[in-house]
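Enquirer: return a 3D structure for these sequence lines:
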Amino acid sequence: MTLRLAASAVVVLFCLAGCDRSAQPVEAKAAPEASAPTVADATPPAAEAPAVVGGAAPAAADGAPSFAVLYPGAQVDGQPLTAGGEAGPGGLVTFTTTASPDDVVAFYRERAEKAGLRSVAGMNQGDTRAYGAAADATNGASLQVVATPTETGETSVQLGWSAGQ
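Expert: A predicted model of the protein is given here:
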């Protein structure tokens, strides 16, 4: 539980670092009362994860950029939180996977780099891994991911993004 709270704090800090405080307040979409969706694909072994980069992985939310997709085999915890502002549409989704935190971060690093984002942050705290990437432009696209192992052997992932202008 402590690791999950620490990971949540890191995601919030990543998201706040990318926020433009002069932006007008935005309304978040209400999460409907529904069971969490499941991605049907099985999680690939670590060696196969990059092969999905060119494939059609499901977007984390409607309108999410190409680098903000669900990890193959993800079990989504609930509906994504989405919003819009001066930095474009963005969102946050949490899910679990059987992949390791290192594999999850490697998957998103490759997707971010392929989309032209530059690595701007990385953190290893115990078994928790965090990664951030951003476009060079002001109010450009950004990606933040925190992957934490759970007591059940799965990895809890928090994925945040902004599509940029």
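Enquirer: the strands in the protein, which residues?
Expert: Assigned by DSSP state E, the strands in the chain fall at 75-76, 81-83, 90-97, 118-125, 128-134, 142-149, 155-162.
Enquirer: can you redo these as TSV with mean pLDDT, distance to residue 61 and mean neighbour count?
Expert: Glycine gets a C-beta too; all of them are placed from N, C-alpha and C. Shown next, in TSV, are the strands of the chain (pLDDT from 0 to 100; distance: least, Cβ to Cβ, whole Å; neighbours: other Cβ atoms under 10 Å):
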stretch	mean pLDDT	distance to residue 61	mean neighbour count
strand 75-76	91	10	18
strand 81-83	87	5	17
strand 90-97	94	5	23
strand 118-125	94	22	13
strand 128-134	96	18	23
strand 142-149	96	13	26
strand 155-162	94	9	26
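Enquirer: with distance to residue 106 added, can I get those in CSV?
Expert: Output for the strands of the chain, formatted as CSV (distance: least, Cβ to Cβ, whole Å):
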stretch, distance to residue 106
strand 75-76, 20
strand 81-83, 25
strand 90-97, 13
strand 118-125, 11
strand 128-134, 9
strand 142-149, 10
strand 155-162, 12
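Enquirer: any idea which of these gets closest to residue 67?
Expert: strand 142-149 (5.6 Å; Cβ to Cβ).
Enquirer: pLDDT below threshold where in this structure?
Expert: Applying pLDDT under 70 to the chain flags residues 1-57.
Enquirer: how long is stretch 120-135 from one end to the other?
Expert: 9 Å (Cα to Cα, to the nearest Å).
Enquirer: make 181 the first number, not 1, from now on.
Expert: Sure thing, new numbering starts at 181, so read that last one as stretch 300-315.
Enquirer: burial of the nearest residue to residue 319 once chain neighbours are set aside, as a residue count?
Expert: Leaving aside its sequence neighbours, residue 319 sits nearest to residue 267 (Cβ to Cβ, 6 or more residues apart in numbering; 4.3 Å). Residue 267: 20 surrounding residues under other Cβ atoms under 10 Å.
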